[in-house]
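*Asks:* the following block contains a protein sequence and its predicted model.
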Amino acid sequence: MIPDRYENGRIYQFNFPTLIRFGCGVWREIAPFLKEEGLSRVLLVTDPIVGELEFFHRIRDSIESTGIASVVWKDIHKNPVKSDVLRGRQAYVDGECEGIVGVGGGAALDVARAVALAVHHTRDLFDYDDLKGGERFVTEPIPPFYTVPTTAGTGSEVGRSAIISEDETHRKRILFSPRLMARRVFADPTLTYDLPPGPTAATGMDALTHNMEAFLARNFHPICDGVALEGMALIVENIRTAVEEPRNEKARALMLLGSMMGAIAFQKGLGVVHSLSHPLSTLVDMHHGLANAINLPVGMGFNRTYCTEKFDRMAQRLGLPSGEHIPDFLRSLNASIGIPPSLGDTGVPEKLIPALVDLAVQDFAHPNNPVPVSREDFERLYAQAFGMR
Ligand SMILES: [Fe+2]
């Protein structure tokens, strides 16, 4: 009989939607696979922190030991901007690269994906903005593109979009095309061992938010609903252990899987929580996962009364008596992993609320929320998230 639980030391392969090699040690497969792909020069896209970690050097050394030359591009912002992508593209062109390997969290993987788009697509980068119908311009070849996640959060490794901000306004834009999926994902839980407790908690809560918002999103997509329901349980069951025991293989492995499931599921859509969070990155450069963690109980409290059946299904899977308990459960989960209880506790001034509301109303995520969200709703929800009422 095939076991239905995670087994330590085992390497798994999944094909929905991207070919995912999953398990401890799959980083060793990267170099021989690139060789098999016939590449002789690659661009490694990462961020300034991961670019200094030992495992990154190990991956690069193993690639170079096969005779493949590499160029590293790591000069990117934590909420990446257009110029990060354009300079990364220049590094690709100057280095005469033939493929792109993204190694990192959501920021690095989104920049890597956007560079893959920009290599042969020479219009202004934001002409490809999905909300302006930019996908129709994605007609040229895309270089081979591979992803190696080092956080269990955004799940960008299995995604087909890149969120890149404008340099001047920090407004987020989405570049999207099914052609931007990675050719192969190397998801190795050991690469998340170096992530400190704070970012582990914040990125993990981002993954939980993806699963919950995708499950509730308006679109009809039972496949994603099933993935999301199981994904949220994996995160809830393992996030505390991952925060407290960074080298716990099983917790790290199931968190990584839960985050990929969240990103697979959110092709269905997201909701009000992401629309509350995006403006906080835009205006005060807040970490996306931290913003979602604080806004999640507030957003779920807003949605709960409108979709009781779905909340009861989530509660059942999470081992709670009923859907009514979910917002309080999320507050205590946050407290147990060191997430501040309110936006006010992170140092963001309340006087920013009107500007946050203006941006939230325009955000791309909330049209998929199960309940319409008005300007007045956003004002009330931010007041709650700031701990004002
Ligand atoms: Fe997110």
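*Replies:* The structure has been received and is ready for your questions. Not measured: the values here are computed from a predicted model. Numbers count the residues shown, from 1 in each chain.
*Asks:* now do the phi/psi pair for the residue nearest to Ala217 when sequence neighbours are not counted.
*Replies:* The shortest distance from Ala217 to any residue other than its chain neighbours is 3.5 Å, reached at Gly269 (C-beta to C-beta, 6 or more residues apart in numbering). The C-beta positions use only the backbone N, C-alpha and C, and glycine is treated the same way. In this entry, Gly269 is assigned phi and psi values of phi 130, psi 170 (degrees, to the nearest 10).
*Asks:* Gly269: how many residues sit nearby?
*Replies:* A total of 22 residues lie near Gly269 under the criterion other C-beta atoms under 10 Å.
*Asks:* can you check Leu39 too?
*Replies:* 22.
*Asks:* how near is it to Ile142?
*Replies:* Distance from Leu39 to Ile142, counting by C-beta to C-beta, to the nearest Å: 14 Å.
*Asks:* thinking again about what came up before, the residue nearest to Ala217 contacts Arg218, doesn't it?
*Replies:* Yes: with contact defined as C-beta atoms under 8 Å, Gly269 reaches Arg218; the gap is 6.3 Å.
*Asks:* which parts of the stretch 201-350 of the chain are helices?
*Replies:* The residue ranges that make up the helices of the stretch 201-350 of the chain, judged by DSSP state H, counting those that start in this stretch, are 222-244, 249-265, 272-284, 288-304, 308-318, 326-336.
*Asks:* let's see stretch 17-27 as CSV, backbone CA atoms only.
*Replies:* As requested, C-alpha coordinates have been extracted for stretch 17-27 and formatted as CSV (Å, rounded to 0.1, in the frame of the first residue of the first chain):
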residue,chain,number,x,y,z
PRO,A,17,0.8,22.2,-12.5
THR,A,18,4.5,22.1,-12.8
LEU,A,19,6.9,19.2,-12.5
ILE,A,20,8.0,19.5,-8.9
ARG,A,21,10.9,17.5,-7.5
PHE,A,22,10.3,17.6,-3.8
GLY,A,23,12.4,16.2,-0.9
CYS,A,24,15.6,16.7,1.1
GLY,A,25,18.6,16.7,-1.2
VAL,A,26,16.9,17.6,-4.5
TRP,A,27,19.2,20.6,-4.8
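*Asks:* just give me how far it sits from the chain centre.
*Replies:* On the basis of C-alpha atoms, centre = their mean, to the nearest Å, stretch 17-27 is displaced by 17 Å from the centre of the chain it belongs to.
*Asks:* buried ones in that stretch?
*Replies:* Neighbour-count burial for stretch 17-27 flags 18, 20-24, 26-27 (criterion: 16 or more other C-beta atoms under 10 Å).
*Asks:* list the contacts of that stretch.
*Replies:* Applying C-beta atoms under 8 Å, 6 or more residues apart in numbering, the contact partners of stretch 17-27 are 9-14, 29, 55, 58-59, 62, 148, 157-158, 181-191, 249, 253, 256-257, 260, 264, 267.
*Asks:* kindly give a single ChimeraX line that selects the buried subset of those residues.
*Replies:* Taking 16+ other C-beta under 10 Å as the burial criterion, the selection of buried members of the contacts of stretch 17-27 in ChimeraX is written as:
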select :14,29,55,59,62,148,157,158,181,182,183,184,185,186,187,188,189,190,191,249,253,256,257,260,264,267
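*Asks:* neighbours around Ala107, how many?
*Replies:* Around Ala107 there are 26 other residues, counting by other C-beta under 10 Å.
*Asks:* now for it, which secondary structure element holds it?
*Replies:* helix 106-120 (DSSP states H and E).
*Asks:* next, the angle from that helix to helix 249-265.
*Replies:* Going by axes from the mean of the first three to the mean of the last three C-alpha atoms, to 10 degrees, helix 106-120 is angled at 50 degrees with respect to helix 249-265.
*Asks:* distance from helix 106-120 to the middle of the chain?
*Replies:* From the chain centre to the centre of helix 106-120 is a distance of 14 Å (C-alpha atoms, centre = their mean).
*Asks:* now that helix: mean pLDDT?
*Replies:* The pLDDT scores in helix 106-120 average 97.
*Asks:* surely Asn369 and Met212 touch.
*Replies:* No: counting by C-beta under 8 Å, Asn369 sits too far from Met212 to count as a contact (11.5 Å).
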